[in-house]
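Q: After the sequence you'll find the predicted model.
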Amino acid sequence: MAVEEEGLRVFQSVRIKIGEAKNLPSYPGPNKMRDCYCTVNLDQEEVFRTKIVEKSLCPFYGEDFYCEIPRSFRHLSFYVFDRDVFRRDSIIGKVAIQKEDLQKYHNRDTWFQLQHVDADSEVQGKVHLELRLSEVITDTGVVCHKLAARILECQGLPIVNGQCDPYATVMLAGPFRSEAKKTKVKKKTNNPQFDEVFYFEVTRPCSYSKKSHFDFEEEDVDKLEIRVDLWNASNLKFGDEFLGELRIPLKVLRQSSPHEAWYFLQPRDNGSKSLKPDDLGSLRLNVVYTEDHVFSSDYYSPLRDLLLKSADVEPVSASAAHILGEVCREKQEAAIPLVRLLLHYGRVVPFISAIASAEVKRTQDPNTIFRGNSLASKCIDETMKLAGMHYLHVTLKPTIEEICQSHRCCEIDPVKLKDGENLESNMESLRHYVDRIFTVITKSGVSCPTVMCDIFFSLREAAAKRFQDDLDVRYTAVSSFIFLRFFAPAILSPNLFQLTPHHTDPQTSRTLTLISKTIQTLGSLSKSKSASFKESYMATFYEFFNEQKYTDAVKNFLDLISSSGRRDPKSIEQPILLKEGFMIKRAQGRKRFGMKNFKKRWFRLTNHEFTYQKSKGDQPLCSIPIENILAVERLEEESFRMKNMFQVIQPERALYIQASNCVEAKDWIDILTKVSQCNQARLTVFHPSAYLNGHWLCCRASSDTAAGCTPCTGGLPANIQLDIDGDRETERIYSLFSLYMGKLEKMQEACGSKSVYDGPEQEEYSTFIIDDPQETYKTLKQVIAGVGALEQEHAQYRRDKFKKTRYGSQEHPIGDKSFQSYIRQQSEVSTHSI
């Protein structure tokens, strides 16, 4: 979901690796260990939670999280909690990274000190104020200056212990005076509408003849300030909770016009002093934050066309896509947007076939084929992740879930056996699981996605042509991907492939490691299987599988998924589980006087129906066929005073649902919109608010069947498997080319050097693959021209935005450090341009 701005869309995403915490403070009791987990928060809103690591002061999490960010935010925060079975979980500490600082830590493992959490560390939100200074002439002919302070509204106030009943105090303060007034309390909202005005006397009455208009100079006037404090009204004995404050010097009001602006709330100047950072421990994180500004499609045509014809360039090393892989620091960062773009336009198979064939020609030993981290390998990996995720889930998930739930010990290393464990029993359990997984894999060939099969066919043909004397190379070329880089990693780390919600516990993780090793060896078709293992106990265990039937099963499977013309006979109409999870729904009121309360339910979406039940595995309480979904839209918060709500609109009623956070709400809206996009009866207008008390809250229409009052939002492409924005991927590739412009220019120099100098290759140019210097130089020139044209468009957009932006507006409140930095940068650019 993009944030729409004039002429372009803004996409935000974040990829996070939560590594481990260390040196957490010990629990103040006889058992000094803690049961800890970590949460990821956009400002204060939790969007992800790790598993609980028990009895540790240095918990290892090893969890990855990715999300599209659907709203603006100021801080990306991480809270470390200590679980308490009997009371509310307590916060040990937090890490808060300001949005503008995220690039400092881009894709680097970094240790962050945990900070103390109190009311001042949790301040967030903004306030809309209007201040007016005026002269008042009294009946006796004297003049005094009065201040009218109008507090209109607040947005995004912090929620304290699950509730927010805010009020504001407004104070005119100085060295020798202090006068405070208070608004009414607004119940159950963190976006209160106050709209209250308070009057303060600024100067003492004096003769009008002695004072010129707004020319007051009393000794303390310059030291006066308006102070606004926000509080959460509490019934607890500890008193009301502080939510934030702002201070405005009175001297900013010395103008004839009123001062109206939005302000970010700030912590108190004399807030409680935090503990030493070392007292709370530290947290290791790797954060990759991306923000893409995407123009309309025609801006990207030159660069996109250059990338899409890469498969047709001879040699392929001279193509734009291959050049991107050459200049990027990591092949992976080039492969991700490349594969998505080429998949979107149906060009991924020819391109991968071309670069794989070129790599095979450069390979001297058939035993090392596709073993490096080349662009071809990374592109195939990314294609399998995108196109093969459903296939992976259908094949492995039932068995993986059973292994996680059963907790059967499968340790076969005699050194690691615990007291009371039986080696033979463990070995039999492990053998049972390996057989189960091996069987489901080798029988899944007909379900392998077509795009993967087409790629495997091209790998097989290229390898067989290059190494004609090696009869097994046509198998190992394919098995090096489908087994070694697809099934084996998914078994080893199922959480990275969404097969499990979290990293598995140590015993289960050990079982999956042993299974993965065995499956990897079976799939590799190594001639000396036992020699493949460094550990003697693995070599002993593998003797169970040292039979021809296992080799035959692998070869039959590889033949099937790499055969020319093979197509999946199963239709897309088979039930495909797309998403499931707990949410809160409002009863639909099928009976005229039925209760319409809110209840937690387990929701499940397939490409056939949208259902909910009490718990996972129960019979559905309600089933909505996909063809009956007329629209999926957000529901305004004011309807039920509940955040993250959306509505699934059906012919006779709307189902109102609340997701746990903004990211989860976006995911559900996107996937529901996607699967229902082709419905012929889709609505063009809808009601953004609920129908309550005999009328629609949005347009006040009294009929519950009244036509909608707001146009439906734009939908997504109706492709269940892949939802790719080609323009966004091209923008990402432009950003990479722009980032590595120095390497592009260096590559141009290398082409020139190779063209005129026929001697040994210079060392600084040896990292580039340049088979045809003239053709490569020609492509480089086109790439640099395309990148330059887009850079000019971005620069013009930034200049136009700078001219239109007002500091103190709702979008850019006063106190926004990132905007202040942006203002300085743009001022420097403007000055330099002049």
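A: Okay, I see it.
Q: tell me the strands in the stretch 501-650 of the chain, going along the chain?
A: In the stretch 501-650 of the chain, the segments counted as strands under DSSP state E, counting those that start in this stretch are 577-586, 598-606, 609-613, 622-625, 631-634, 645-649.
Q: now the stretch 1-150 of the chain
A: With DSSP E, counting those that start in this stretch as the criterion, the stretch 1-150 of the chain has strands spanning 3-5, 8-22, 36-42, 45-49, 60-68, 75-82, 90-98, 110-113, 126-137, 142-155.
Q: quick one, which of those is nearest to E793?
A: Each of those has some distance to E793 by CB to CB; the shortest is strand 8-22, at 9.2 Å. (C-beta placed from N, C-alpha, C; glycine too.)
Q: Just want the angle from the closest one to strand 75-82.
A: For strand 8-22 against strand 75-82, the angle by axes from the mean of the first three to the mean of the last three CA atoms, to 10 degrees is 30 degrees.
Q: and the strand or helix carrying E359, C-alpha only, in PDB?
A: Assessed by DSSP states H and E, E359 sits inside helix 348-362. What follows is helix 348-362 as a C-alpha-only set of coordinates in PDB (Å, rounded to 0.1, in the frame of the first residue of the first chain):
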ATOM      1  CA  VAL A 348      12.600 -14.400 -16.200                       C
ATOM      2  CA  VAL A 349      13.000 -17.900 -17.900                       C
ATOM      3  CA  PRO A 350      14.900 -16.600 -21.000                       C
ATOM      4  CA  PHE A 351      17.100 -14.400 -18.900                       C
ATOM      5  CA  ILE A 352      18.000 -17.000 -16.300                       C
ATOM      6  CA  SER A 353      18.500 -19.500 -19.200                       C
ATOM      7  CA  ALA A 354      21.000 -17.100 -20.800                       C
ATOM      8  CA  ILE A 355      23.100 -16.300 -17.700                       C
ATOM      9  CA  ALA A 356      23.000 -19.900 -16.500                       C
ATOM     10  CA  SER A 357      24.300 -21.100 -19.900                       C
ATOM     11  CA  ALA A 358      27.000 -18.500 -19.800                       C
ATOM     12  CA  GLU A 359      28.000 -19.600 -16.300                       C
ATOM     13  CA  VAL A 360      28.100 -23.300 -17.300                       C
ATOM     14  CA  LYS A 361      30.400 -22.500 -20.200                       C
ATOM     15  CA  ARG A 362      32.800 -20.900 -17.700                       C
END
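Q: which of the residues in that helix are buried?
A: Neighbour-count burial for helix 348-362 flags 348-360 (criterion: 16 or more other CB atoms under 10 Å).
Q: Between these, which sits nearest D667?
A: The shortest gap between D667 and any of the buried residues of helix 348-362 belongs to V348, at 24.9 Å (CB to CB).
Q: what separates the closest one from V783, distance-wise?
A: From V348 across to V783, the span is 20 Å (CB to CB, to the nearest Å).
Q: returning to that earlier point: how about the strands of the stretch 1-150 of the chain, which one is nearest H812?
A: strand 126-137 (10.2 Å).
Q: got CSV for the strands of the stretch 501-650 of the chain, with mean neighbour count too?
A: Below are these laid out as CSV (neighbours: other CB atoms under 10 Å):
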stretch, mean neighbour count
strand 577-586, 16
strand 598-606, 17
strand 609-613, 21
strand 622-625, 15
strand 631-634, 22
strand 645-649, 22
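Q: Please name whichever of those is nearest to Q498.
A: strand 577-586 (10.4 Å).
Q: I'd like the next helix or strand past the helix holding E359.
A: helix 375-387.
Q: For the next helix or strand after that next one, which helices and strands make contact with it?
A: Per DSSP H and E, the first helix or strand lying C-terminal to helix 375-387 is helix 389-406. Here helix 389-406 touches helix 423-442, helix 488-492, helix 506-524, going by 3 or more CB pairs under 8 Å, 6 or more residues apart in numbering; DSSP states H and E.
Q: Can you name every helix or strand that whichever helix or strand comes after the longest one contacts?
A: Later in the chain than helix 423-442, the nearest helix or strand by DSSP H and E is helix 450-466. With contacts defined as 3+ CB pairs under 8 Å, 6+ apart, the packing partners of helix 450-466 are helix 348-362, helix 375-387, helix 473-482, helix 548-561.
Q: again, only this time at 6 Å
A: helix 348-362, helix 473-482 (3 or more CB pairs under 6 Å, 6 or more residues apart in numbering; DSSP states H and E).
Q: now that helix, how far from the chain's geometric center?
A: Counting by CA atoms, centre = their mean, to the nearest Å, helix 450-466 is centred 34 Å from the centre of its parent chain.
Q: Now do the end-to-end distance for stretch 486-504.
A: Criterion CA to CA, to the nearest Å; first-to-last residue distance in stretch 486-504 is 19 Å.
Q: can you give me the mean pLDDT across it?
A: Across stretch 486-504, pLDDT averages out at 91.
Q: ok, F467 - contacts?
A: By CB atoms under 6 Å, 6 or more residues apart in numbering, the contact list for F467 reads P366, V473.
Q: Including distance to S660 and mean pLDDT, could the strands of the stretch 501-650 of the chain go into a markdown table?
A: Output for the strands of the stretch 501-650 of the chain, formatted as a markdown table (distance: least, CB to CB, whole Å; pLDDT from 0 to 100):
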| stretch | distance to S660 | mean pLDDT |
| --- | --- | --- |
| strand 577-586 | 7 | 90 |
| strand 598-606 | 10 | 92 |
| strand 609-613 | 15 | 94 |
| strand 622-625 | 20 | 93 |
| strand 631-634 | 15 | 93 |
| strand 645-649 | 11 | 94 |
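Q: want to throw these into CSV with distance to Y105?
A: Below are the strands of the stretch 501-650 of the chain laid out as CSV (distance: least, CB to CB, whole Å):
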stretch, distance to Y105
strand 577-586, 30
strand 598-606, 35
strand 609-613, 39
strand 622-625, 43
strand 631-634, 32
strand 645-649, 33
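Q: Of all these, which one comes closest to R510?
A: strand 577-586 (28.2 Å).
Q: right, and the helix or strand after the worst-scoring helix or strand of the chain on mean pLDDT?
A: Confidence across the helices and strands of the chain bottoms out at strand 206-207, with a mean of 50, counting by mean pLDDT, DSSP states H and E. With elements assigned by DSSP H and E, the helix or strand that comes after strand 206-207 is strand 225-232.
Q: buried stuff in that following strand?
A: Buried residues in strand 225-232, counting neighbours by 16+ other CB under 10 Å, are found at E225, I226, V228, D229, L230, W231, N232.
Q: Can you tell me what sits against it?
A: 160, 164, 166-171, 173, 240-241, 243-249.
Q: For the longest helix along the chain, give the mean pLDDT please.
A: Taking DSSP state H as the criterion, the chain has its longest helix at helix 773-804. On average, the pLDDT along helix 773-804 is 92.
Q: That helix: which residues count as buried?
A: Counting neighbours by 16+ other CB under 10 Å, helix 773-804 gives 773, 775-777, 779-780, 783, 786-787, 790, 793-794, 797, 801 as buried.
Q: Check those against P30 and report the nearest one.
A: Closest approach to P30 among those (CB to CB): K801, at 60.0 Å.
Q: Which of the helices and strands packed on helix 389-406 sits closest to A464?
A: So among those, helix 506-524 is nearest, using CB to CB, at 17.7 Å.
Q: From the contact counts, what lies against that closest one?
A: helix 423-442, helix 488-492.
Q: change it to 8 Å
A: Identification of packing neighbours for helix 506-524 by 3+ CB pairs under 8 Å, 6+ apart yields helix 389-406, helix 423-442, helix 473-482, helix 488-492, helix 536-542, helix 548-561.
Q: among the contacts of strand 225-232, which ones are buried?
A: Among the contacts of strand 225-232, those classed as buried by 16+ other CB under 10 Å are 160, 164, 166-171, 173, 240-241, 243-246, 248.
Q: Which member of those residues is positioned nearest V127?
A: L246 (6.3 Å).
Q: would you list the strands of the stretch 1-150 of the chain in CSV and tack on distance to S257, mean neighbour count and mean pLDDT?
A: Shown next, in CSV, are the strands of the stretch 1-150 of the chain (distance: least, CB to CB, whole Å; neighbours: other CB atoms under 10 Å; pLDDT from 0 to 100):
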stretch, distance to S257, mean neighbour count, mean pLDDT
strand 3-5, 29, 12, 62
strand 8-22, 33, 19, 93
strand 36-42, 36, 22, 95
strand 45-49, 37, 18, 93
strand 60-68, 42, 17, 91
strand 75-82, 34, 21, 95
strand 90-98, 33, 19, 94
strand 110-113, 45, 16, 96
strand 126-137, 9, 18, 88
strand 142-155, 13, 18, 88
